[in-house]
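**Q** after the sequence you'll find the predicted model.
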Amino acid sequence: MRPVHIIGVSLDLGGNRRGVDMGPSALRIAGLGERLAALNIPVVDEGDLVAPIPETKSFGDPGKKFIREIARVCEKLYKTSLAALEKGGFPLVLGGDHSLAAGSVAATADFLRRDGKPLGLIWVDAHGDMNTPSSSGSGNVHGMPLASLLGPEPVELSRIGGFSPKVRPDHTVLIGIRNLDEREKEIVRASGVRVFTMKDIDHSGIAAVAEQALAIAGKGTGAVHVSFDMDVCDPTIAPGVGTPVKGGLDYREAHMVMEMVADSGLLRALDLVEVNPILDDRNMTAVLGTELALSALGQKII
């Protein structure tokens, strides 16, 4: 078993609701490290990469608020995750808002490209995160990280690691989508990525969707990076998230995705993001996130 390097990112500059910077602490309090160790998985806790708080900075460009500060944190995360990969470790990145994925996914992509292999990406989220500064109505950068990984904007994130794109559309899958901006819908339709909405999950079942997602992300790639936004889960089981949306994955559906990811043997890095303890109920969202990480890393029912 590869050593799991826990990397916290106390970042909440990407959204308009405070609190997700405390997500890494909530996941640690939920016993993440101890429960991984109980599975005989070696654990290295790298601590937290700390972002400035919004009150101390000007948001700058209204089309991509706090982009310079976010890019600096993502650059640090890229280097930290890449170092873990180079040591033979498995980066488990705790957020923090989803803009951090511009750094974590860049690291996995860079590590694989050294062997001439592309990255497969599974983005599990209620949102598409494919807005650009020109399409975003809010300027919140947590709605832009996937756009930066697939293409040139926002440039401050896309240039992390010195190469772009980080992942190809035909190796990218979205699962659980149910809340897209109107202009973002056009971007997603034109992008070439495979999207499984909640309607698709309702129609086909989560097992069939996860199987297809792994086949797409795993075909011809060196490994798969899963970026899991806790808001993909229904607020009844995950109330403490940055942007809750009704009608998400239920408890077993979320675990089924992670269990099938583990069974595939393709997983090389994992993000768990958007845990907001301020909005949570007795830390239940962080406890769920911890359980999902354990499923992704091989914990079995029997």
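**A** Perfect, thanks for sending it. Numbering: from 1, shown residues only.
**Q** quick one, helices of this structure?
**A** In the chain, the segments counted as helices under DSSP state H are 23-29, 32-38, 67-86, 101-113, 145-150, 155-158, 182-191, 198-204, 206-218, 251-264, 284-296.
**Q** who's in contact with the last one?
**A** Which is helix 284-296. 23, 26-27, 29-32, 35-36, 39, 92, 226, 228, 230, 233, 237-241, 251, 254-255, 258-259, 261-262, 267, 270, 272, 275-277, 280 (CB atoms under 8 Å, 6 or more residues apart in numbering). C-betas here are computed from N, CA, C, even on glycine.
**Q** hmm, try it at 7 Å
**A** 26-27, 29-32, 35-36, 39, 92, 226, 228, 230, 233, 237-241, 254-255, 258-259, 261-262, 267, 270, 272, 275, 277, 280 (CB atoms under 7 Å, 6 or more residues apart in numbering).
**Q** one more: the third one?
**A** In this structure, residues lying in contact with helix 67-86 by CB under 7 Å, 6+ apart are 5, 7, 9, 11, 13-14, 46, 49, 51-52, 57, 60-61, 91, 93, 99-100, 102-104, 106-108, 110-111, 141, 154, 156-157, 160-161, 269.
**Q** which among the residues you listed end up buried?
**A** Buried members of the contacts of helix 67-86, scored by 16 or more other CB atoms under 10 Å, are 5, 7, 9, 11, 13-14, 46, 49, 51, 91, 93, 99-100, 102-104, 106-108, 110-111, 141, 154, 156-157, 160-161, 269.
**Q** if I pick the closest residue to G33 other than its chain neighbours, what's in contact with it?
**A** Once flanking residues are discounted, G33 sits nearest to V43: 5.1 Å by CB to CB, 6 or more residues apart in numbering. By CB under 7 Å, 6+ apart, the contact list for V43 reads P3, V4, I6, G33, L36, A37.
**Q** of these, select the buried ones using a PyMOL command.
**A** This is the PyMOL syntax for the buried subset of the contacts of V43, where burial follows 16+ other CB under 10 Å:
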select buried, resi 4+6+33+36
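**Q** which among the contacts of V43 gets closest to G137?
**A** I6 (34.7 Å; CB to CB).
**Q** picking up where we left off before, now list the buried members of the contacts of helix 284-296.
**A** Members of the contacts of helix 284-296 classed as buried by 16+ other CB under 10 Å are 26-27, 30-32, 35-36, 92, 226, 228, 230, 233, 237-241, 254-255, 258-259, 261-262, 267, 270, 272, 275, 277, 280.
**Q** what's the burial count for T243?
**A** Neighbours of T243 under the rule other CB atoms under 10 Å: 21.
**Q** that should have said V105, apologies.
**A** By other CB under 10 Å, 31 other residues sit near V105.
**Q** cool, and I278?
**A** Neighbour count of I278, defined by other CB under 10 Å: 11.
**Q** before we move on, what about G23?
**A** That count, for G23 with other CB under 10 Å as the rule, works out to 32.
**Q** give me every residue that touches V209.
**A** I175, F196, D200, I201.
**Q** one more pass at 6 Å, please.
**A** V209 sits next to F196, I201 when contact means CB atoms under 6 Å, 6 or more residues apart in numbering.
**Q** tell me the centre residue of this protein?
**A** Nearest to the geometric centre of the chain sits S227, at 2.7 Å (CA atoms, centre = their mean).
**Q** for it, which non-adjacent residue is spatially closest?
**A** D271 (4.3 Å).
**Q** touching, the one you found and V226? I think so.
**A** No - D271 lies out of contact with V226 (CB atoms under 6 Å); the separation is 7.2 Å.
**Q** buried residues in the least confident helix or strand in the chain by mean pLDDT?
**A** When each helix and strand of the chain is scored by mean pLDDT, DSSP states H and E, helix 182-191 comes last, with a mean of 95. The neighbour-count check on helix 182-191 (16+ other CB under 10 Å) flags E184, I187, V188, S191 as buried.
**Q** so the third one makes contact with G128?
**A** Yes - the pair formed by V188 and G128 meets the contact definition of CB under 6 Å, at 5.1 Å.
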